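Undergrad: Sharing a sequence plus its predicted fold:
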Amino acid sequence: QVQLVESGGGLVQAGGSLRLSCAASGRTFSTYAMGWFRQPPGKEREFVAAITWSGGSTLYADSVKGQLTISRDNAKNTVYLQLNRLKPEDTAVYYCAAVQRRTSNIGNRIVYDYWGQGTQVTVSS
């Protein structure tokens, strides 16, 4: 089992920045990759970014390239999502997730085994 706890969400004005954190505990040594997803109000959960735990390879949704940055700190078992130049359409609940088996499909939410409870990001215009 892996437990994930997100933090860092909040209310920010358009153009501002936030850094989300996701702290992992439990069987983290068997984690292959961590991902961030978001669910805007009334919409489906969508992929944002992912990073492999050992090599640090990253994958981004086309819509957020250049705006968001995913990173990890293996020593702290924590993955981060830096959100820059935020827009009202970035308003969503942001979730982190972990997948334990090796996969080439880290952009697809169906491969993820564990999920956090989510953290709300609200961007005002």
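TA: Noted; the coordinates are in hand. Given the structure is predicted, the values throughout are model-derived calculations rather than measurements.
Undergrad: show me the residues around the nearest residue to Gly15 once chain neighbours are set aside that make contact.
TA: Distances taken as CB to CB, 6 or more residues apart in numbering put Arg85 closest to Gly15, at 6.1 Å, once the chain neighbours are dropped. C-beta coordinates here come from the backbone N, C-alpha and C atoms, glycine included. By CB atoms under 8 Å, 6 or more residues apart in numbering, the contact list for Arg85 reads 15, 17, 67.
Undergrad: So which of these sit within helices?
TA: Assigned to helices by DSSP state H, none of these qualify.
Undergrad: Scan those residues and report the most crowded one.
TA: Ranked by the number of neighbours (other CB atoms under 10 Å), those place Gln67 first, at 15 neighbours.
Undergrad: separation between that residue and Ala14?
TA: 13 Å (CB to CB, to the nearest Å).
Undergrad: What is the burial count for Cys96?
TA: By other CB under 10 Å, the residues close to Cys96 number 30.
Undergrad: What pLDDT is listed against it?
TA: Note for Cys96: predicted pLDDT of 98.
Undergrad: how much space between Thr119 and Gln82?
TA: 14 Å.
Undergrad: between those two, who's got more neighbours?
TA: Thr119 (22 against 15).
Undergrad: where does that one fall, phi/psi-wise?
TA: Backbone geometry at Thr119, expressed as degrees, to the nearest 10, gives phi -140, psi 140.
Undergrad: ok, how many other residues are close to the closest residue to it other than its chain neighbours?
TA: Residue nearest to Thr119 in three dimensions, not counting chain neighbours: Gly9, with 3.4 Å by CB to CB, 6+ apart. Here the number of neighbours of Gly9 (other CB under 10 Å) works out to 18.
Undergrad: For this structure, just list every one of the strands.
TA: Assigned by DSSP state E, the strands in the chain fall at 2-7, 10-13, 18-26, 33-39, 46-52, 58-60, 68-73, 78-83, 92-99, 114-115, 119-124.
Undergrad: Report the buried residues of the fourth one.
TA: Which is strand 33-39. 33-38 (16 or more other CB atoms under 10 Å).
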